[in-house]
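Novice: Okay, here's the prediction I keep looking at, along with the sequence it came from:
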Amino acid sequence: QVQLIESGGGLVQAGGSLRLSCQASKSTASSYHMGWFRQAPGKEREFVAAISWSGSTYYADSVKGRATISRDNAKNTVYLQMNSLQPADTAVYYCALARGGSRLREVDDSRAWGQGTQVTVYS
């Protein structure tokens, strides 16, 4: 079972930036899509961004142009750089590892989740 350990959340003023990191416990994670979802209070968990093993990236419309996902396969780590943060970005952000053959666009596409890291944006 692969474990995903996130870091980098916090409290940030609107317009600011954060960088989230997620390290997988096994190198096999580098062969699969990895990505980020988020869940705001009272809402469903939603897709934010994903990256393939080769570096192809995919973003939700809500973060496109403000987020950059990247990965370092040598470190089994995926990153999410978020800029121009807004209060609507406030949520718990979860790192995810895709099931085999999945492109990690839906919650059910994930076979492992991190513990979540809180991002709070205040105006």
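Specialist: Sure thing, it's come through. If you're wondering where the values come from, they're calculated on a predicted model, not measured in any experiment.

Novice: How about residues contacting the helix or strand containing Phe37?
Specialist: Assigned by DSSP states H and E, Phe37 belongs to strand 34-39. Strand 34-39 has contacts (Cβ atoms under 8 Å, 6 or more residues apart in numbering) with 20, 22, 24, 45-51, 58, 69, 71, 78, 80, 89, 91-98, 104, 107, 110, 116, 119. Every C-beta, even on glycine, is put in place using the N, C-alpha and C of the backbone.

Novice: List the buried residues in stretch 72-88.
Specialist: If you call a residue buried by 16 or more other Cβ atoms under 10 Å, then stretch 72-88 has these buried ones: 73, 76-80, 82, 85.

Novice: now the end-to-end length of it.
Specialist: 28 Å (Cα to Cα, to the nearest Å).

Novice: what's Ala40 in contact with, if anything?
Specialist: Counted by Cβ under 8 Å, 6+ apart, Ala40 has contacts 90-92.

Novice: And the residue lying closest to Trp53 once chain neighbours are set aside, how close does it get to Gln23?
Specialist: Closest residue to Trp53 apart from its sequence neighbours, by Cβ to Cβ, 6 or more residues apart in numbering: Ser31 at 5.4 Å. Relative to Gln23, Ser31 is positioned 16 Å away (Cβ to Cβ, to the nearest Å).
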